[in-house]
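# got a predicted structure here, sequence first:
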Amino acid sequence: MTQQTVKVLNRAGIHARPAALIVQTAGKFKAKILFKRENEEINAKSIMGIITLGASYDSEILIEADGPDEAEAVQAMATLFENRFEEQ
């Protein structure tokens, strides 16, 4: 299992466009990818789950992946957050 904590850096938070990018990227990996925030845990391959997570600017999210390509999956997810979902 690989984990990394990331912060939402784009001002609009995670809305439909970033959620779609997350799901599209997560779908490239075989690993099970979860996002954990406060008491919530959602599947990163579920667009509805990501949107209902309600992650706004400066929220912290724990990315957790388990599977054959878990390290690469976590790195890809973290890169999306670091790049502000290509919005800025």
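All right, it came through fine. Numbers count the residues shown, from 1 in each chain.
# alpha carbons only: can I get the helix or strand hosting residue 71 in CSV?
Using DSSP states H and E, residue 71 maps to helix 70-82. Listed next in CSV are the C-alpha coordinates belonging to helix 70-82 (Å, rounded to 0.1, in the frame of the first residue of the first chain):
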residue,chain,number,x,y,z
GLU,A,70,0.2,1.5,-6.7
ALA,A,71,3.3,3.8,-6.6
GLU,A,72,2.8,5.0,-10.1
ALA,A,73,-0.9,5.6,-9.4
VAL,A,74,-0.2,7.7,-6.3
GLN,A,75,2.4,9.7,-8.1
ALA,A,76,0.1,10.4,-11.1
MET,A,77,-2.7,11.5,-8.7
ALA,A,78,-0.3,13.7,-6.7
THR,A,79,0.9,15.3,-10.0
LEU,A,80,-2.6,16.3,-10.9
PHE,A,81,-3.0,18.1,-7.5
GLU,A,82,0.4,19.8,-7.8
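# other SSEs contacting that helix?
Where contact means 3 or more CB pairs under 8 Å, 6 or more residues apart in numbering; DSSP states H and E, helix 70-82 is packed against strand 2-7, helix 16-26, strand 32-37, strand 60-66. (C-beta placed from N, C-alpha, C; glycine too.)
# distance to residue 76 and mean pLDDT for these - can I get that in TSV?
Conversion of the helices and strands packed on helix 70-82 to TSV gives the following (distance: least, CB to CB, whole Å; pLDDT from 0 to 100):
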stretch	distance to residue 76	mean pLDDT
strand 2-7	11	98
helix 16-26	5	96
strand 32-37	9	97
strand 60-66	9	98
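# tabulate those (CSV), appending distance to residue 80 and mean neighbour count.
Listed next are the helices and strands packed on helix 70-82 as CSV, based on distance: least, CB to CB, whole Å; neighbours: other CB atoms under 10 Å:
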stretch, distance to residue 80, mean neighbour count
strand 2-7, 9, 15
helix 16-26, 6, 18
strand 32-37, 11, 20
strand 60-66, 10, 19
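# between the ones you listed, which gets nearest to residue 87?
Of all those, it is helix 16-26 that lies closest to residue 87, at 7.3 Å by CB to CB.
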